[in-house]
Every structure is written in structure tokens, then in C-alpha cells.
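Quick one, structure for this:
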Amino acid sequence: MPITAAGPETRPWVQSGLDPWFNSHLGPRNRPAHEVIGAVVLLARSHERKRALRGKNLDKFYRVIIPLVANLMHHYLSGSRGQGIPVPRSKRDKALGGKGNRYQPFSFPRSFPKMLDTLCALGFAEQTIGDPAKFRRTTVRAGAKLIELTEEHKVTLGDLSAGDGQEIIILKRRKRGYGDKGGRIVYKDTPTTNRFRGKLRAINTWLASSIRPMAKSCPA
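As a prediction, this is how the structure comes out:
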């Protein structure tokens with residue numbers, strides 16, 4: 001069974017001219033992004049709630065709301081491409097309430113539409129409701145207040161990061177024929193996979209530090 005490795009962060013969720021994908025690993029890297037996301041989370045956590053979130057419910061809220069706000073900021077800072085970021089909203093969408101795995105540990109809880117409505121009510125997000133009958137997904141983008149906070153704190157794309165949450169050691173089954181890309185196999189960690197992952201992250205960090213100066217020197 002072949003093992004493949006994911007390369008350094010190159011923002012694969014941004015597709016030129018198309019709607020970007022939701023990156024569940026995205027979050028704040030530096031202080032400006034931390035301050036903006038922290039302010040949004042604080043307001044959203046208590047908005048129109050009779051009881052304060054606690055325990056597992058609070059953990060779930062943080063796990064979803066932080067990457068959601070980070071994605072909205074990233075989409076705005078990237079030029080607000082396409083119609084927005086596609087997200088699940090319909091109760092019939094299998095993405096809601098699904099289970100995560102090694103390659104995609106994040107899953108949208110069934111409470112996600114309510115979280116999204118909260119951000120919209122507070123002015124931090126705008127959503128365009130999809131129509132399953134017309135195969136249109138719900139999309140979201142940064143709202144006026146989030147844009148204002150982002151500009152006020154002078155947040156840049158460099159203040160956001162996908163971190164080390166994404167699995168970079170990928171195990172695949174053999175291809176079964178033409179057109180078969182080979183499915184991913186969930187595996188258990190061993191000293192060997194941990195060693196490979198540590199070495200690859202060191203290589204990716206070095207490559208990313210080399211790519212950024214080159215990108216800055218290239219004309220737009």
C-alpha cells in the first residue's frame with residue numbers, strides 16, 4: 001500500500017475565480033488575528049442564550065466557531081472570491097452531524113446552522129441560503145463588522161495559519177483500475193509514522209520559509 005506525503009501549506013483551499021473550500025484547520029497565528037477572533041467568539045458565545053455553554057458543548061462551539069471566523073477573514077483578505085465559502089445547512093446534508101476521521105477530523109455539528117445565524121445576526125457574517133432542488137449550496141462571507149475589525153487590527157493573510165492539524169502522512173490502497181484514484185486508509189500511529197511525520201513537518205517548514213521570500217520578490 002503506497003504512502004504519500006502532503007506538501008507545505010500553499011493555501012490549497014483557494015481556487016482562482018471559484019468558491020474556496022472551507023479549511024477546518026485554519027486559525028489565528030499572530031496577535032492581530034487572535035484579537036479579532038477572540039472578540040467575535042466572546043460575543044457569539046453569549047448571544048441570545050438563556051444558559052451559558054459549558055463542558056463538551058463549549059468545546060464543540062470553540063472547535064467550530066474559531067475556524068469559521070478564520071475562514072471568513074481569509075476569504076475577505078483573499079479578495080472575496082466567488083460567491084463565498086460553501087457550507088452545509090440543510091438537515092438533509094450528510095455533512096451535518098457526520099463523524100470525523102484521521103484525514104478529516106473536523107465535522108459540522110447539527111448546531112452549525114444556529115452558529116452561522118448567530119454570526120449573521122451580530123453582523124460578522126453574511127449568508128446566501130442554498131436551494132437543494134437547484135443544487136445550490138449555502139455560501140458565507142465576512143460581514144461588515146468582521147471586515148471592520150479585520151481592518152482595524154490590520155490583519156493580514158500572514159496572521160492566519162493552517163497549523164499542524166492536517167494529516168500529512170497519507171496511506172492509500174492500491175488503484176483498482178483506470179480512473180481509480182485509490183482510497184485513503186485509516187491507520188494507527190506507530191513509532192515509524194511518528195518519525196516520518198516529524199521529519200516531513202521539518203521539511204515542510206523549511207520549504208515554506210523558502211517559498212515566502214520568493215513569492216514576495218515576484219511581481220504581481
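
And what about the residue located most distally from the centre of the chain, helix, strand or coil?
Here the chain reaches farthest from its C-alpha mean at residue 177, the gap being 32.5 Å by Cα atoms, centre = their mean. Of the three states, residue 177 takes coil under DSSP: H, G, I helix; E, B strand; the rest coil.

ok, it - contacts?
With contact set as Cβ atoms under 8 Å, 6 or more residues apart in numbering, residue 177 has no partners. To be clear about C-beta, it is placed using only N, CA and C from the backbone, and glycine gets the same treatment.

show me what contacts the spatially most central residue of the chain?
Centroid-nearest residue in the chain, with Cα atoms, centre = their mean: residue 23, separated by 2.2 Å. Residue 23 makes contact with 13, 67, 71, 74, 162 under the criterion Cβ under 8 Å, 6+ apart.

Just the closest of these to residue 106, please.
Minimum distance to residue 106 across those is 7.2 Å, recorded for residue 67 (Cβ to Cβ).

pLDDT score assigned to residue 205?
On the pLDDT scale, residue 205 is placed at 75.

Going by secondary structure, it is in what exactly?
helix 191-217 (DSSP states H and E).

Helix or strand with the lowest mean pLDDT in the protein?
strand 3-5 (a mean of 53; mean pLDDT, DSSP states H and E).

Tell me the helix or strand right after it.
strand 27-28.

Against which helices or strands is that next one packed?
Where contact means 3 or more Cβ pairs under 8 Å, 6 or more residues apart in numbering; DSSP states H and E, strand 27-28 is packed against helix 31-46, helix 55-77, strand 160-161.

Of the ones you listed, give the one that comes closest to residue 145.
helix 31-46 (8.4 Å).

tell me which residues in that closest one are buried?
For helix 31-46, the neighbour count (16 or more other Cβ atoms under 10 Å) marks 32, 33, 35, 36, 37, 39, 40, 44 as buried.

Reformat these as a markdown table; add distance to residue 93 and pLDDT.
What follows is the buried residues of helix 31-46, written out as a markdown table (distance: Cβ to Cβ, whole Å; pLDDT from 0 to 100):
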| residue | distance to residue 93 | pLDDT |
| --- | --- | --- |
| 32 | 33 | 95 |
| 33 | 29 | 95 |
| 35 | 33 | 96 |
| 36 | 29 | 96 |
| 37 | 25 | 96 |
| 39 | 30 | 95 |
| 40 | 24 | 95 |
| 44 | 22 | 92 |
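
Reformat those into CSV and put distance to residue 117 next to each item.
Shown next, in CSV, are the buried residues of helix 31-46 (distance: Cβ to Cβ, whole Å):
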residue, distance to residue 117
32, 27
33, 24
35, 24
36, 20
37, 19
39, 19
40, 14
44, 10
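
Just list the residues touching the closest residue in space to residue 63 that isn't next to it in sequence, thanks.
Among residues not flanking residue 63 along the chain, residue 106 sits closest, at 7.4 Å (Cβ to Cβ, 6 or more residues apart in numbering). Neighbouring residues of residue 106 by Cβ under 8 Å, 6+ apart: 24, 25, 63, 67, 100.
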